[in-house]
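Undergrad: curious how this folds, go ahead:
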Amino acid sequence: MTRMPRVTALPTATALALFFAFAAPVGAEELPAAADRSEAISSDLVDSLFDGSRLAVSPDTEFNDLLETPTELDFGVERGDADEDGYVTLTWSDLHAVYPVPLEAFRSVLLDFDSHADFVPRVVESPAEQVATDPPRWQQRVKLSFRFLGFGSDYAFHTEHQIEFDRGSNRQTNRQNNNEAAEFGLRFRMFETETETLVDSGGTWYLKELTIDDAPHTYVRYTNFAAFGRSIVGLRLALRNFGLRDVKSVMNAYFHEAIDRTD
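TA: Sure, this is the predicted structure:
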């Protein structure tokens, strides 16, 4: 597999943990200069997120059990060695769900990068630019804002998103001939950060068209990881307690936006 440039997911999977780790009085912090992150961290687990196996339905999935219920396939937080691994804390997640919305509606929301600041939790800026068409690829700057009880902080980093496959009747006529369900796969990973703390992040989205009770549904699988380059008091505890809940909130936010756009 050809390694993509380092690209970050919208890092709301660890947003609450980042707030506890980085919170400072509102207005007291300015964004630091951008730091290039051109070399990937060393992690077999991170490599497994991009080997293609998670851009698929998880084996033995019962779709009816997942209706509007993001469910954990894999989640963890581990220590690392900054010199050997390139990080001191790594967190990852792999969840799936089934939503009562057409695949095209969910796909449209994922690819409307400029609008993510309107509905993704804690994202306040998300400008993006398409930089390639074969395969389609976008670069995006994401800014997060954390505010709670007079404390807060802002963080920004740069992401790249690449479509791995996009099989559907509106885009590939052979799908009609083969009567295959539409599928969509997207990868993303950080290539530049404006904070020294977050050293790597990325993940995947996978969508598959379903019909349940004669109504269109979409199976959604979302993977995400974040690696931190320095020790922060309470970070691992916050990630263990709140990280998984945050990933679920991100998935549901995309779903609700898709529903709103189809009304």
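Undergrad: pull out the buried positions in the longest helix along the chain.
TA: For the chain, the helix that runs over the most residues, judged by DSSP state H, is helix 235-262. By 16 or more other C-beta atoms under 10 Å, the buried positions in helix 235-262 come out as 235-236, 238-239, 242-244, 246-255, 257-258. For every residue, glycine as well, the C-beta is placed using N, CA and C.
Undergrad: all helices of this protein, in order?
TA: For the chain, the helices defined by DSSP H occupy 15-22, 44-49, 103-111, 174-178, 235-262.
Undergrad: how about those helices in CSV, adding mean pLDDT and distance to residue 220?
TA: Listed next are those as CSV, based on pLDDT from 0 to 100; distance: least, C-beta to C-beta, whole Å:
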stretch, mean pLDDT, distance to residue 220
helix 15-22, 44, 19
helix 44-49, 86, 16
helix 103-111, 96, 7
helix 174-178, 49, 19
helix 235-262, 89, 6
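Undergrad: could the ones you listed go into CSV alongside distance to residue 229?
TA: Shown next, in CSV, are these (distance: least, C-beta to C-beta, whole Å):
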stretch, distance to residue 229
helix 15-22, 12
helix 44-49, 14
helix 103-111, 28
helix 174-178, 43
helix 235-262, 11
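Undergrad: out of the ones you listed, which comes closest to residue 223?
TA: Minimum separation from residue 223 across the helices of the chain (C-beta to C-beta) falls at helix 44-49, 5.2 Å.
Undergrad: which residues are contacting the closest one?
TA: Applying C-beta atoms under 8 Å, 6 or more residues apart in numbering, the contact partners of helix 44-49 are 40, 54, 90, 92, 94, 200, 202, 203, 204, 223, 225, 227.
Undergrad: nearest to residue 214, of the helices of the chain?
TA: Distance to residue 214, taken as C-beta to C-beta, is lowest for helix 103-111 among the helices of the chain, at 15.9 Å.
Undergrad: re earlier: max pairwise distance over the contacts of helix 44-49: which two?
TA: Once C-beta to C-beta is applied, those give 40 and 94 as the farthest pair, at 19.0 Å.
Undergrad: excluding chain neighbours, what is closest to residue 254?
TA: Take residue 254 and drop its neighbours on the chain: the residue closest to it by C-beta to C-beta, 6 or more residues apart in numbering is residue 109, 5.4 Å away.
Undergrad: how near is the one you found to residue 118?
TA: Look at residue 109 and residue 118: by C-beta to C-beta, to the nearest Å, they are 10 Å apart.
Undergrad: for residue 158, same thing?
TA: Distance check for residue 158 against residue 118: by C-beta to C-beta, it reads 20 Å.
Undergrad: check residue 212 too.
TA: Relative to residue 118, and taking C-beta to C-beta, residue 212 is found at 29 Å.
Undergrad: and the nearest residue to residue 67 once chain neighbours are set aside, what are its bridge partners?
TA: In space, and not counting its chain neighbours, residue 67 is closest to residue 98: 5.2 Å by C-beta to C-beta, 6+ apart. Under DSSP bridges, the beta-bridge partners of residue 98 are residue 67, residue 219.
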